[in-house]
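1. task: produce atomic coordinates for the following.
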Amino acid sequence: MKDAPFNAKKPDDSVNISKENPLASFLRLLLGAVAVVTCLYLALGVASDFAVRFVSHQKERELFRFISLKKYVSPPKTPWEGQPELESLLNKVLKNSQNVEPQSVLVTCSKNINASAHPGQHLVLTSSLLETMRSEVGLAFVLAHEIAHMQLQHSLKSYVRGRSWMMAHFLLGLANDSFFDEIESSTLTLNALSFSREQEREADSLAMKMILATYGHLENAEELFERTKNRASLQWTTAFLSTHPSDPDRIERIKMHPNYLNRDPQKKPLPWNVPGPRCK
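-> Have a look, this model is predicted:
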């Protein structure tokens with residue numbers, strides 16, 4: 001009896017080939033990696049904010065006492081004669097704050113209308129800001145807003161969070177060869193530290209309390225926002241993505257306050273007539 005002929009079957013070449021679309025597989029891996037990195041960044045942010053709670057204002061000043069912002073500013077051509085008046089106004093507002101003792105108050109020549117609070121309680125104001133303001137209460141509110149950031153330690157939180165994220169870049173292998181040089185050069189810059197919209201609202205609320213305690217009203221406190229609200233015609237479309245509440249929103253919050261108006265006829269609106277710094 002003859003054996004049945006043996007017919008070898010060819011191996012199935014599709015065994016090691018995934019039936020899933022390669023693009024779908026790639027997208028799934030990409031989304032997973034993004035989710036992991038996002039969770040890491042969020043966790044670092046929460047941990048950083050929690051750690052700052054254990055740093056007193058005095059300790060913060062001591063930690064950043066060795067850092068000078070002078071190398072980051074462009075000082076006026078000649079010493080600004082309005083510096084004493086500015087510091088006098090600052091001290092006037094500081095009387096109604098807590099745990100804030102600015103280590104330096106610097107003026108830098110810049111076309112940007114801006115003021116910024118830095119870790120260690122350092123304050124920087126631009127020449128354009130000082131040239132723009134015409135109301136003492138308006139400028140006092142700007143100072144109060146930055147003082148509020150210092151009092152609430154928003155600057156320190158932003159700084160610690162930024163350094164944590166930079167270290168995460170390093171640990172994830174995303175840092176380039178100049179990583180440590182970047183850490184050193186970016187310790188403190190005049191780029192305003194990024195605050196969340198919630199932090200900006202907290203600073204505005206605390207600033208309003210300071211201005212009310214200082215002047216008894218909020219009239220003209222919105223001056224800066226009135227002057228800058230038309231800078232971007234599409235500002236209302238980007239409010240959601242912006243870290244700052246829109247200027248119209250901030251104006252409304254101030255004007256809708258029950259103690260906005262100056263109801264004391266003996267207290268006239270105080271102008272700010274101090275000439276700005278000479279930068280040209």
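2. any weak-confidence spans in the stretch 151-280 of the chain?
-> 165-195, 230-245 (pLDDT under 70).
3. what segments of it are helices?
-> Remark: helices assigned in the stretch 151-280 of the chain by DSSP state H, counting those that start in this stretch are 154-171, 179-185, 197-215, 223-228, 247-255.
4. of these, which is nearest W80?
-> Closest approach to W80 among the helices of the stretch 151-280 of the chain is made by helix 223-228 (19.4 Å; Cβ to Cβ). The way it works is simple: take the backbone N, C-alpha and C, and place the C-beta from them, glycine included.
5. out of the helices of the stretch 151-280 of the chain, the one nearest T132 is which?
-> helix 223-228 (5.8 Å).
6. helices and strands around that closest one, which ones?
-> helix 127-132, helix 136-151, helix 247-255 (3 or more Cβ pairs under 8 Å, 6 or more residues apart in numbering; DSSP states H and E).
7. what are the buried residues along that helix?
-> For helix 223-228, a neighbour-count test (16 or more other Cβ atoms under 10 Å) marks E223, L224, F225, E226, R227 as buried.
8. between these, which is nearest R65?
-> Closest to R65, out of all of the buried residues of helix 223-228 and judged by Cβ to Cβ, is L224, at 30.1 Å.
9. what sits against that closest one?
-> I113, L129, T132, M133, G138, F141, V142 (Cβ atoms under 8 Å, 6 or more residues apart in numbering).
10. closest to V52 among these?
-> V142 (24.1 Å).
11. quick one, what contacts the closest one?
-> If you count contacts by Cβ under 8 Å, 6+ apart, V142 has them with A115, L125, L129, M133, L224.
12. contact partners for the first one?
-> Right, the one you point to is A115. Counting by Cβ under 8 Å, 6+ apart, A115 has contacts L123, V124, L125, T126, L129, V142, L143, H145, E146.
13. need the buried residues of helix 223-228 in a markdown table with distance to S155, can you?
-> Shown next, in a markdown table, are the buried residues of helix 223-228 (distance: Cβ to Cβ, whole Å):
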| residue | distance to S155 |
| --- | --- |
| E223 | 24 |
| L224 | 19 |
| F225 | 21 |
| E226 | 26 |
| R227 | 24 |
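14. out of those, which comes closest to T108?
-> Closest to T108, out of all of the buried residues of helix 223-228 and judged by Cβ to Cβ, is L224, at 17.1 Å.
15. how near is the closest one to S158?
-> 21 Å (Cβ to Cβ, to the nearest Å).
16. same question for S196.
-> 9 Å.
17. next: R53.
-> Taking Cβ to Cβ, one finds R53 at 15 Å from S158.
18. do the same with F141
-> Using Cβ to Cβ, F141 is found at 21 Å from S158.
19. remind me which residues of the stretch 1-150 of the chain are low pLDDT?
-> Short version for the stretch 1-150 of the chain, where the test is pLDDT under 70: 1-21, 26, 33-34, 36-38, 40-42, 44-45, 48.
20. show me what the helix or strand where E87 lies is in contact with.
-> Assigned by DSSP states H and E, E87 belongs to helix 83-94. Helix 83-94 has contacts (Cβ under 8 Å, 6+ apart) with 100-102, 105, 107, 123, 125, 130, 136, 139-140, 143-144, 147, 210-211, 214, 274.
21. can I get the CA coordinates of it in PDB?
-> Written as PDB, here are the backbone C-alpha positions of helix 83-94 (Å, rounded to 0.1, in the frame of the first residue of the first chain):
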ATOM      1  CA  GLN A  83      12.400 107.200  41.300                       C
ATOM      2  CA  PRO A  84      11.800 108.700  44.700                       C
ATOM      3  CA  GLU A  85       8.100 109.500  43.900                       C
ATOM      4  CA  LEU A  86       7.600 106.000  42.600                       C
ATOM      5  CA  GLU A  87       9.100 104.400  45.700                       C
ATOM      6  CA  SER A  88       7.000 106.700  47.800                       C
ATOM      7  CA  LEU A  89       3.800 105.600  46.100                       C
ATOM      8  CA  LEU A  90       5.000 101.900  46.400                       C
ATOM      9  CA  ASN A  91       5.500 102.400  50.200                       C
ATOM     10  CA  LYS A  92       2.000 103.900  50.400                       C
ATOM     11  CA  VAL A  93       0.500 100.800  49.000                       C
ATOM     12  CA  LEU A  94       2.800  98.400  50.900                       C
END
